[in-house]
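1. no FASTA, just this:
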């Protein structure tokens with residue numbers, strides 16, 4: 001793990017934490033360098049299940065949202081602009097001392113620095129490893145940046161800043177929803193359910209007894225709970241590849257993620273496919289939508305007896321796989 005900007009500042013004494021009180025760590029990732037921090041006073045807020053579990057395994061107190069007030073806060077800037085502004089405003093509002101913002105250039109740290117410099121005076125900053133960290137005393141000057149929380153988007157669905165496809169229905173999910181057959185079986189799961197659009201469309205089908213919504217983003221799953229009040233829905237805050245399914249499934253539907261930060265990573269989708277193969281009944285079905293260029297067919301053919309393209313466009317493809325041939329171990 002490379003030495004971070006945070007550790008560099010703390011060890012050099014340019015950034016000083018208070019001697020007492022809780023320290024908010026907002027959005028640290030599983031591999032974030034936190035070695036120089038007093039772990040017993042840190043409260044890590046991370047709404048993504050894989051990082052949440054990894055941080056807890058490292059001995060940090062974790063929660064999906066802040067709780068109470070803090071003596072100092074460190075915000076690791078998220079990629080989504082709206083969420084970044086909301087997180088900075090929230091940390092500033094609930095902190096009694098210093099607030100640090102840390103981020104990469106690719107995550108928008110330069111525009112954030114510009115916005116904040118226009119409104120307040122910085123106590124210090126450092127540039128390192130294609131990013132920056134800067135800090136300032138908390139005040140009430142950013143109250144107009146605060147998010148109003150989950151709200152209806154352009155299509156009337158409840159979403160929140162930073163969740164996938166927050167502004168409107170994702171066109172790939174819409175294509176999959178229109179392609180699904182009238183019957184999917186009694187036990188169905190939506191892997192990577194997001195804020196619930198695809199799950200809501202699945203519940204329009206006949207004969208469904210239970211629909212499991214599996215989603216690693218806590219904020220997105222909270223939105224799904226608002227969008228779907230059907231008693232057949234079961235909500236699981238879990239990472240799909242490690243989710244322990246409560247029953248064998250007739251059908252899995254998915255629009256799997258394929259990005260880690262800004263890097264395309266088809267292995268995420270492959271892990272979702274392997275999880276589906278392990279969770280499905282011997283005669284089960286997988287319905288998957290993906291960007292046209294993503295190479296999922298080889299994995300599907302390795303794990304299912306029959307694979308076909310059920311629908312598509314120049315941008316997307318809907319793949320249908322039947323009869324898993326090897327269960328996840």
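-> Here it is on my side, so go on. Note that the structure is a prediction, hence the values are computed from the model and not measured.
2. could you chop the protein up by domain?
-> 5-145, 151-324 (automatic domain parsing).
3. end to end, how far does the last one reach?
-> Looking back up the chat, that one is domain 151-324. This stretch, domain 151-324, spans 39 Å end to end (Cα to Cα, to the nearest Å).
4. same thing with the shortest one?
-> Criterion Cα to Cα; first-to-last residue distance in domain 5-145 is 25 Å.
5. correct me, but residue 7 touches residue 33?
-> Yes - between residue 7 and residue 33 there is a contact at 5.4 Å, judged by Cβ atoms under 8 Å. Yep, even glycine has a C-beta here, placed from its N, CA and C like the rest.
6. for this structure, which spans come out with low pLDDT?
-> When residues are selected by pLDDT under 70, those of the chain lie in 1-2, 259-265, 326-329.
7. center of it - which residue?
-> The centroid of the chain falls nearest to residue 217 when counting by Cα atoms, centre = their mean (3.8 Å).
8. show me the contacts for that one.
-> 47-49, 163-164, 194 (Cβ atoms under 8 Å, 6 or more residues apart in numbering).
9. which one of the residues you listed sits in the busiest neighbourhood?
-> For these, the largest neighbour count, defined by other Cβ atoms under 10 Å, is 26 neighbours, found at residue 194.
10. now do that residue against residue 221, distance only.
-> As for residue 194, its distance to residue 221 is 8 Å (criterion: Cβ to Cβ, to the nearest Å).
11. shared neighbours of those two, anything?
-> Joint contacts of residue 194 and residue 221 (Cβ under 8 Å, 6+ apart) are residue 215.
12. who does the nearest residue in space to residue 191 that is not next to it in sequence form a beta bridge with?
-> Once flanking residues are discounted, residue 191 sits nearest to residue 254: 4.1 Å by Cβ to Cβ, 6 or more residues apart in numbering. Legend: beta-bridge partners of residue 254 under DSSP bridges are residue 191, residue 288.
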